[in-house]
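Participant: Here you go, sequence then predicted model.
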Amino acid sequence: MNTTNYILIADGGSTKVEWCLIDINGNVKASFQTEGLNALMVSEEDAEAYFISVRKRLDPSLIPDRVYYYGAGCATLQICTRIADAISRVWDAGTIGVESDMLAACRAVLGKAPGIACILGTGSNSALYDGSIITDNIPPMGFILGDEGSGTAIGKRLVGDIFKRIAPVEICEAFLESTKLTKGDILEKTYREPAPNKFLASLVPFVKNNLSHPYIQRLLEKVFTEFFERNILPYGEISGIKVSFIGSIADVFSDILKRTGNKFGISIDRIIPRPMPGLITFHITNPIS
């Protein structure tokens, strides 16, 4: 076991992984992104090769004593153990923690306080957290069956309204002019090409650019209403419980998200765009977690 005082944290998504090496005071020694990794889909051998490539990007004199990997697909103890074993063969760290991206959100936005943490990005998720562990989770169910309130849900509602002639004419014309997409393009990208959820979420900048339009505000209120109805209210009695959000969608559309939450009697406590700053704070203040 090495005796250095560095902490390596990874916020791992399927499309990208954000890495940050810090000292025990939280000073950043290295920060970079690598291609995505889904723990559910990768073998232990491929995971090890991946982590070796990450190690090569770090100063060899800065050896982490603790490695925390939060990742997409880290859904079971067996998967987490496989990833931890791969990490242990790459870094001789005294502490190795592998957890879900949902726990990363809880720790980043709530720290050690109990509450409900919500993710609104390309997809969506939520969890009831007791300050230490996730005690309940309404399953997100993916972009076909769920992911309410997400970038994917926003894009899906937008193109549906445009081609079903529900959206105002000026929005339809602006969308077609700015994206240059035809109905055929959208059907092809949604039903035949890989990652249709990411394609639909890629339409969110149009929504952002037209945020002042009443139709766009109503669209966002509808998708956020569905998120609260289907991902928060099912937890039961939540009065007095902190509800906080993390993710690009929550951050960019925070005013409408807060307004929608108020309709349900939910006052949103915090909204942050990404987990890493909160994870750094959590791990320098909770060294054994």
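Facilitator: Now that the structure is in, tell me what you want to look at. Numbering: from 1, shown residues only.

Participant: Buried residues of the helix or strand bottoming out on mean pLDDT in the chain, list them for me.
Facilitator: Least confident helix or strand of the chain, by mean pLDDT, DSSP states H and E, is helix 142-145 with a mean of 84. Within helix 142-145, the residues that qualify as buried are residue 143, counting by 16 or more other Cβ atoms under 10 Å. C-beta here means a position set from N, CA and C on the backbone, and glycine is covered the same way.

Participant: Using PDB, write out every CA atom in the helix or strand that it is followed by.
Facilitator: Sequence order places helix 151-163 as the next helix or strand after helix 142-145, per DSSP states H and E. Extracted in PDB, the C-alpha atoms of helix 151-163 (Å, rounded to 0.1, in the frame of the first residue of the first chain):
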ATOM      1  CA  GLY A 151     -33.200  16.100 -22.500                       C
ATOM      2  CA  THR A 152     -34.400  13.100 -24.400                       C
ATOM      3  CA  ALA A 153     -38.000  13.600 -23.200                       C
ATOM      4  CA  ILE A 154     -37.800  17.300 -24.200                       C
ATOM      5  CA  GLY A 155     -36.500  16.500 -27.700                       C
ATOM      6  CA  LYS A 156     -39.100  13.700 -28.100                       C
ATOM      7  CA  ARG A 157     -42.000  16.100 -27.100                       C
ATOM      8  CA  LEU A 158     -40.700  18.900 -29.400                       C
ATOM      9  CA  VAL A 159     -40.400  16.900 -32.600                       C
ATOM     10  CA  GLY A 160     -43.700  15.100 -31.900                       C
ATOM     11  CA  ASP A 161     -45.500  18.500 -31.500                       C
ATOM     12  CA  ILE A 162     -43.800  19.900 -34.600                       C
ATOM     13  CA  PHE A 163     -44.800  17.100 -37.000                       C
END
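
Participant: Give the next helix or strand downstream of helix 151-163.
Facilitator: Going down the chain from helix 151-163, the next helix or strand is helix 169-179, by DSSP H and E.

Participant: Tell me the helices and strands packed up against that next one.
Facilitator: Secondary-structure packing of helix 169-179 (3 or more Cβ pairs under 8 Å, 6 or more residues apart in numbering; DSSP states H and E): helix 151-163, helix 204-209.

Participant: Measure how the longest one sits relative to helix 169-179, angle-wise.
Facilitator: The reference is to helix 151-163. In terms of direction (axes from the mean of the first three to the mean of the last three Cα atoms, to 10 degrees), helix 151-163 departs from helix 169-179 by 120 degrees.

Participant: And the contacts of helix 151-163?
Facilitator: For helix 151-163, contacts defined as Cβ atoms under 8 Å, 6 or more residues apart in numbering pick out 120-124, 143, 147, 166-167, 171-172, 175-176, 183, 186, 197-204, 206-207, 219-220, 222-223, 226, 248-249.

Participant: Surely residue 9 is within a strand?
Facilitator: Yes: counting by DSSP: H, G, I helix; E, B strand; the rest coil, residue 9 is located in a strand.

Participant: what's the burial count for it?
Facilitator: Neighbour count for residue 9, taken as other Cβ atoms under 10 Å: 24.

Participant: how close does it get to residue 29?
Facilitator: Residue 9 sits 12 Å away from residue 29, going by Cβ to Cβ, to the nearest Å.

Participant: Kindly report the same for residue 233.
Facilitator: As judged by Cβ to Cβ, residue 233 and residue 29 stand 43 Å apart.
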